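Colleague: Got a predicted structure here, sequence first:
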Amino acid sequence: MSKLILGLPKGSLQETTFGMLKKAGWSISGGSRSYMPRVDDPEIEARLIRAQEISRYVENGHLDAGITGHDWIVENGSDVVEVTELVYSKQGMNPVRWVLAVPNDSPIQSVKDLQGKRIATEAVGITKRYLEKSGIQAEVEFSWGATEVKAPELVDAIVEITETGSSLRANNLRIVEDILTSTTRFIASKDAWQDDFKRSKIEKIAMMLQGVLAADRKVLIKLNVKADDLEAVANQLPAMHAPTINNLRTEGWYSVESVLDESVVREIIPELKAAGAVDIIEMSLNKVVP
């Protein structure tokens, strides 16, 4: 049987990625220390690897496909097929940023002030290219972790990843400049992309994962309404295309349903009720595939 070797990110993205795959239809099981978690699909073999390394293993063909950040593709200079963008992170459905940060009382105000300074970061390649583009020469050292606590005693500045900036603020650091905005990507090796079976499998996984992301922050609203109030209710109800309307067995009554943004629910349900809707139900969604 043909198999797809899929790299999944170990660490901060792991729990969110497993949850997304579960909603997409693939259950991943096995301990967090297992290199080969089990997948309930005989056509997929998973490998649990640090996100920082996945693009390298995809490029050299040890993995057929993988989920990793755009930042690590850039950092590694990996020549891979970016199948689709998956906008999610460990704390939510938003991009992450690599930023230049310094202590609050540092005189450094821009990249120009880094000449001759020392910088700590895990993203050495990204940082060096950023400095080179700005015409600045500085010492960039690899940080094995806890990068925020190294300034100002050990280094003058850091380049660190952030979603909300809260960790930087907690360590009395301020952001000087954004260096790179990154989102999660589903990638494939060039050889796997040319293989009919593997490409088909990759495209199916990509479609289902995109369906999960499309369903985020959307809900299904179902309600009943009398014929006399149908037009007023339908006019109040947004939809992806148009509300679905069906006759009920009770004469003169209709069932109406629509997918809409969760953010408008608290405003629209009272309006629907006032327009004549009854038996209003809100349901969460796993996938929306256009």
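Modeller: That came through, no problem. Because the structure is a prediction, the values reported are computed rather than measured. Residues are numbered from 1 along each chain as shown.

Colleague: Only C-alpha atoms from now on, for both contacts and neighbour counts.
Modeller: Noted.

Colleague: in stretch 194-211, what counts as buried?
Modeller: Going by neighbour count (16 or more other C-alpha atoms under 10 Å), the buried part of stretch 194-211 is 198-199, 201-202, 205-211.

Colleague: List the neighbours of that stretch that are in contact with it.
Modeller: Applying C-alpha atoms under 8 Å, 6 or more residues apart in numbering, the contact partners of stretch 194-211 are 2-4, 20-21, 24-25, 64-65, 83-84, 86, 186, 188, 192-193, 286-290.

Colleague: what number of residues lie near the closest residue to residue 229 other than its chain neighbours?
Modeller: Leaving aside its sequence neighbours, residue 229 sits nearest to residue 276 (C-alpha to C-alpha, 6 or more residues apart in numbering; 5.7 Å). Residue 276: 18 surrounding residues under other C-alpha atoms under 10 Å.

Colleague: wouldn't residue 276 be in contact with residue 226 here?
Modeller: Yes: using C-alpha atoms under 8 Å, residue 276 makes contact with residue 226 at a distance of 7.3 Å.

Colleague: The stretch 1-150 of the chain: strands as residue ranges?
Modeller: For the stretch 1-150 of the chain, the strands defined by DSSP state E, counting those that start in this stretch occupy 4-10, 28-29, 38-39, 44-50, 65-69, 81-86, 96-103, 118-121, 139-142.

Colleague: again but with the stretch 151-290 of the chain, I slipped
Modeller: 157-162, 173-182, 184-188, 218-226, 244-247, 253-261, 278-284.

Colleague: Including mean neighbour count, could those go into JSON lines?
Modeller: Shown next, in JSON lines, are the strands of the stretch 151-290 of the chain (neighbours: other C-alpha atoms under 10 Å):
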{"stretch": "strand 157-162", "mean neighbour count": "24"}
{"stretch": "strand 173-182", "mean neighbour count": "18"}
{"stretch": "strand 184-188", "mean neighbour count": "26"}
{"stretch": "strand 218-226", "mean neighbour count": "21"}
{"stretch": "strand 244-247", "mean neighbour count": "14"}
{"stretch": "strand 253-261", "mean neighbour count": "20"}
{"stretch": "strand 278-284", "mean neighbour count": "13"}
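
Colleague: Relative to residue 120, how far out is residue 145?
Modeller: Residue 145 is 10 Å from residue 120, where distance means C-alpha to C-alpha, to the nearest Å.

Colleague: Please say which of those two ends up with more neighbours.
Modeller: Comparing residue 145 with residue 120 by other C-alpha under 10 Å, the one with more neighbours is residue 120, at 26 against 11.

Colleague: how about the top helix by length along the chain as PDB, C-alpha atoms only?
Modeller: Of all the segments of type helix in the chain, defined by DSSP state H, the longest one is helix 196-215. Extracted C-alpha coordinates of helix 196-215, given in PDB (Å, rounded to 0.1, in the frame of the first residue of the first chain):
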ATOM      1  CA  ASP A 196      -0.100  11.100  -8.300                       C
ATOM      2  CA  PHE A 197      -1.100   9.200  -5.100                       C
ATOM      3  CA  LYS A 198       0.800  11.500  -2.800                       C
ATOM      4  CA  ARG A 199      -0.300  14.700  -4.400                       C
ATOM      5  CA  SER A 200      -3.900  13.600  -4.300                       C
ATOM      6  CA  LYS A 201      -3.600  12.700  -0.600                       C
ATOM      7  CA  ILE A 202      -1.900  16.000   0.200                       C
ATOM      8  CA  GLU A 203      -4.600  17.900  -1.700                       C
ATOM      9  CA  LYS A 204      -7.400  16.100   0.200                       C
ATOM     10  CA  ILE A 205      -5.700  16.900   3.600                       C
ATOM     11  CA  ALA A 206      -5.300  20.500   2.600                       C
ATOM     12  CA  MET A 207      -8.900  20.800   1.600                       C
ATOM     13  CA  MET A 208     -10.200  19.400   4.900                       C
ATOM     14  CA  LEU A 209      -7.800  21.600   6.900                       C
ATOM     15  CA  GLN A 210      -9.000  24.600   5.100                       C
ATOM     16  CA  GLY A 211     -12.500  23.600   5.800                       C
ATOM     17  CA  VAL A 212     -11.700  23.500   9.500                       C
ATOM     18  CA  LEU A 213     -10.200  27.000   9.300                       C
ATOM     19  CA  ALA A 214     -13.200  28.300   7.300                       C
ATOM     20  CA  ALA A 215     -15.500  27.000  10.000                       C
END
